[in-house]
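Trainee: Predicted structure and sequence below. I'll ask about it afterward.
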Amino acid sequence: MAVAVRADLEQIFRATYPRVVGVAARVLGSRDEAEDVAQDVFLTFGRTSVPAGQAEGWLSVAAAHTALNHLRSGRRRASREEATAVHDPPADVADTVITRDERRRVRAALALLPRKQAVALVLRHSGLSYAEVAAALDMSPGSVGTTVRRAESALRKELKSHASSD
Amino acid sequence: MRHPTDGTLRRLLDEPAGVADADRAHVADCPVCLTQLAAAREDAAFTETALTDTTLTDSADVDAGWARLSHAVQAGRPRTVAAPARAARWRTALRSPVIAVVGVAALLAGAGAAAAADWIPIFRTESIQPITLSKADLVGLPDLTAYGDVQLLQQPDVHAVDDAAAAEKATGLTLPQLRELPRGVVGDPSYQVAGKVTAQFTFSAEKAGETAAAVGKPLPPVPPGLDGSQFRLTAGPGTAAVWGEGRGVPALIVARAVAPTAYSSGVPFPTAVGYLLSLPGLPQNVASSLRSFTGDGTTLPLPVNSTYLTASVADVNGRAATVLSSRDGVMAGVVWVADGKVTAVAGSMNADEALSVARDLR
């Protein structure tokens, strides 16, 4: 059964889809999974009355939270990206394996961060301004820098300790 | 001067224009800060590399994505996402009666704890006048960093305390008591306190000129003495009793705060307001509305987001109060000013219930 959705859904989708996929991809390290998350987020958004002017912030935060939920709840399924990669003739097998392993470590480290830090970090690195991150997360612009800084420091520390223990 | 915070240093990397000139100047000459800045830069670059794999984040196929979404909409596929909007939006709306007071007044800054004798109080808040603005108007309000330096001199330090007595001790304010809790509100409240907020705005004709040039408009002639003039705002302390926080949207909030006061070091406040509000970038209708409420220095404009809220005026025990109601009737709040204090009642109730609670406070 078709579901009634807001009239401006397509316009907003076309304007914001790349960013929403980008936010989810930074969390998940997988394009296919990020697109799945984006679909879910837009489908939900289509039934809301969030003002168009706030849509990008709403969608970005929803994408970050939903992607982090995927990471943390263990609901991640084997990504089609990785499955198909097995059948592709990789130019450099070693590089592909390293990249995949690195992505896995980054996601594990991201999942360990406090939720607000993780979301602020991902939004900032997805290109949202401090004002946009502040508005989307209901925090002051001044505290965005502090939150992002702590998250970056913790992420690097976690990844470094992981690397040195290998 | 104290070293800028880690957060300020981090922002310096991304948005240097968002950092106060004084902080930028300090960092440029401070070996300690430069070392911290270098560490922040390294961590930021490391994170950017770790998170941003351009093969994953670039060139999403919008057409294919839209085709898939259209199909899902047609199929009526149910989805569950971590929707952030409702609770966050309501928190914002709920806080607006008090925080918007700070936000509007922060426009023109306030006084520190040790206000010097040459700071003349020029804006006492004795009543609140609602202005209903559309979202488009609100987002058009200028960031004053484009017209000078804005420094937060004193953070509000919001934190929880154990009980009403502790809240009173921390703020010097007595929270009004409810005779009985409204229907649907149960249990004991949690108590929040916030200290005084102090901000300082220093007008810069040079910055204002650059901003005007950026939007292709000439800067209106600057009133004599305004360039370099400083304005301070102080607001708070404040305290709130909050029921039912666990549900994400508070069932009821009763809050009281010391009303904001603005101070000027020289140029008359109305002159400064009139000029600032005429600067390029501010929608003319908003400028007109704001200016009309600042003439007597005792009325505080309270911007209301008309997308979510409607505003009306009612009487609370002889005081004129502003009633804010959500358009869907789910949330409402009442706010009024008396004896230099702002009091607000808000929660998951309709306007009549909120007014009833407000009138029943003792």
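Mentor: Nice, I can see it.
Trainee: Next one: the helix or strand containing residue A:122, is it in contact with chain B?
Mentor: Following DSSP states H and E, one finds residue A:122 within helix A:115-125. Yes: judged by Cβ under 8 Å from any Cβ of the partner chain, helix A:115-125 comes into contact with chain B at A:121-122, A:124-125. Where you see a C-beta, it was placed from the backbone N, CA and C, and this is true even at glycine.
Trainee: now, among those residues, which is nearest to residue A:70?
Mentor: residue A:122 (13.0 Å; Cβ to Cβ).
Trainee: Correct me if wrong: the closest one contacts residue A:23.
Mentor: Yes: in this structure residue A:122 lies within contact range of residue A:23 using Cβ atoms under 8 Å: 5.9 Å.
Trainee: tell me the two of the residues of helix A:115-125 next to chain B that are most distant?
Mentor: A:122 and A:124, at 7.4 Å, using Cβ to Cβ across the residues of helix A:115-125 next to chain B.
Trainee: more crowded one of the two?
Mentor: Using other Cβ atoms under 10 Å in any protein chain shown as the criterion, residue A:122 and residue A:124 rank with residue A:122 on top: 30 against 25.
Trainee: contacting residues for the more buried one?
Mentor: Counting by Cβ atoms under 8 Å, 6 or more residues apart in numbering or on different chains, residue A:122 touches A:23, A:26-27, A:64, A:67, A:110, B:51.
Trainee: how about stretch A:55-62, does it get close to chain B?
Mentor: Yes: Stretch A:55-62 reaches chain B (Cβ under 8 Å from any Cβ) through A:58, A:61-62.
Trainee: Between those, which sits nearest residue B:150?
Mentor: residue A:61 (25.9 Å).
Trainee: Now do residue 10, the pLDDT please.
Mentor: Chain wasn't specified; assuming chain A. For residue A:10, the pLDDT comes out at 93.
Trainee: was after chain B, sorry
Mentor: pLDDT, read off for residue B:10, is 92.
Trainee: next one: residue B:37
Mentor: 91.
Trainee: what do you get for residue B:290?
Mentor: 53.
Trainee: Spatially central, which residue of chain A would that be?
Mentor: Central residue of chain A (Cα atoms, centre = their mean): residue A:24, 2.6 Å from the mean position.
Trainee: Name the residues that touch the helix or strand containing residue B:25?
Mentor: If you go by DSSP H and E, residue B:25 is part of helix B:21-29. By Cβ under 8 Å, 6+ apart, the list of residues contacting helix B:21-29 from outside reads B:1, B:3-4, B:8-9, B:12, B:16, B:33-34, B:37, B:149, B:151.
Trainee: Show me what the following helix or strand past it is packed up against.
Mentor: For helix B:21-29, the following helix or strand on the C-terminal side (DSSP H and E) is helix B:31-51. In terms of contacts (3 or more Cβ pairs under 8 Å, 6 or more residues apart in numbering or on different chains; DSSP states H and E), helix B:31-51 is packed against helix A:93-112, helix A:115-125, helix A:141-165, helix B:6-14, helix B:21-29.
Trainee: out of these, nearest to residue B:192?
Mentor: Closest among the helices and strands packed on helix B:31-51, using Cβ to Cβ: helix A:141-165, at 16.6 Å.
Trainee: what inclination does that closest one have with respect to helix B:31-51?
Mentor: If you take axes from the mean of the first three to the mean of the last three Cα atoms, to 10 degrees, helix A:141-165 sits at 70 degrees to helix B:31-51.
Trainee: and the residue nearest to residue A:124 when sequence neighbours are not counted, how many residues sit next to it?
Mentor: In this structure, residue A:124 finds its nearest non-sequential neighbour in residue A:148, 5.0 Å apart by Cβ to Cβ, 6 or more residues apart in numbering or on different chains. Residue A:148: 29 surrounding residues under other Cβ under 10 Å.
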